[in-house]
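Colleague: After the sequence you'll find the predicted model.
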Amino acid sequence: MHFIGPCVTVFGSARFPRDSKHYQDAEKIGAALSQLGFTIMTGGGPGIMEAANKGAYEAGGYSVGVNIILPFEQVPNPYLHKWIDIPYFFVRKFLLIKYSYAFVVMPGGMGTLDELFEAITLIQTKMIQNFPIVIFDSEYHKELCQHIQLMAKNESISPEDLKLLFVTDSAVEVVEHIKLNAIQKFGLVKEQYKPKWWYGENRRKF
């Protein structure tokens, strides 16, 4: 996984069908972010994960997955250039965070919330850098955002922690936010790079 290049990880439910609005939104976001030069990383399964991978794959970008081995529901989707199968959730979450410069949280369930709060906690405690976290679909996440604001009001988190999250309903705003807070902030630039076979490389995006 070391040579997959700077990634954006997209979190979201495995359960949304291909004709749902959530699936279509994730596909658009995956395509748009891949055109910035990022590798799109997901949990590798169906639903939102498949949609983001599909968007990148069909837009000519690079698409990878970190698939969890479960007895049901989770199988690698067909829009992955590379994936690995992981038997442990904690290892999977570590890999989904390790290679990314930004995180996009789409509508999802318990696993998606777990991934969201893992990323927030690591940034909040300065274990990783202040990478942008985008929560997409304000209506779906309305109660979640209200609860986070309640935590700030009751001083169980700092008011500054609210700034770690960017909530939007616009794929264009997702792209612009990540441009400013990942590409420009961390000085990522596209470059011509010839992969080195002795490193096992086959692609690099920045």
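Modeller: Looks like it came in fine. As the structure is a prediction and not an experimental result, all values here were calculated from the model.
Colleague: what's near enough to touch residue 149?
Modeller: residue 162 (Cβ atoms under 8 Å, 6 or more residues apart in numbering). Just so you know, the C-beta spots here come from the backbone N, C-alpha and C atoms, and that holds for glycine as well.
Colleague: which residues are in contact with the helix or strand encompassing residue 166?
Modeller: Using DSSP states H and E, residue 166 maps to strand 165-168. Strand 165-168 is contacted from outside by 120, 132-136, 138, 141, 145, 148, 174, 177, 181, using Cβ under 8 Å, 6+ apart.
Colleague: which residue ranges form the helices in the protein?
Modeller: In the chain, helices defined by DSSP state H lie at 21-35, 48-58, 89-98, 110-124, 142-153, 171-178, listed in chain order.
Colleague: most packed of those?
Modeller: Greatest average neighbour count among the helices of the chain goes to helix 48-58 (a mean of 28), per mean count of other Cβ atoms under 10 Å.
Colleague: by contact count, what packs against that one?
Modeller: Helices and strands touching helix 48-58, as assessed by 3 or more Cβ pairs under 8 Å, 6 or more residues apart in numbering; DSSP states H and E, comprise strand 7-11, helix 21-35, strand 39-42, strand 63-68.
Colleague: mean confidence score for it?
Modeller: Helix 48-58 carries an average pLDDT of 98.
Colleague: circling back to that earlier point, can you tell me which of the helices of the chain comes nearest to residue 83?
Modeller: Residue 83 sits nearest to helix 48-58 of all these, at 9.2 Å, using Cβ to Cβ.
Colleague: Residue 102 is in contact with residue 131, correct?
Modeller: Yes: the pair residue 131 and residue 102 passes the contact test of Cβ atoms under 8 Å, sitting 5.6 Å apart.
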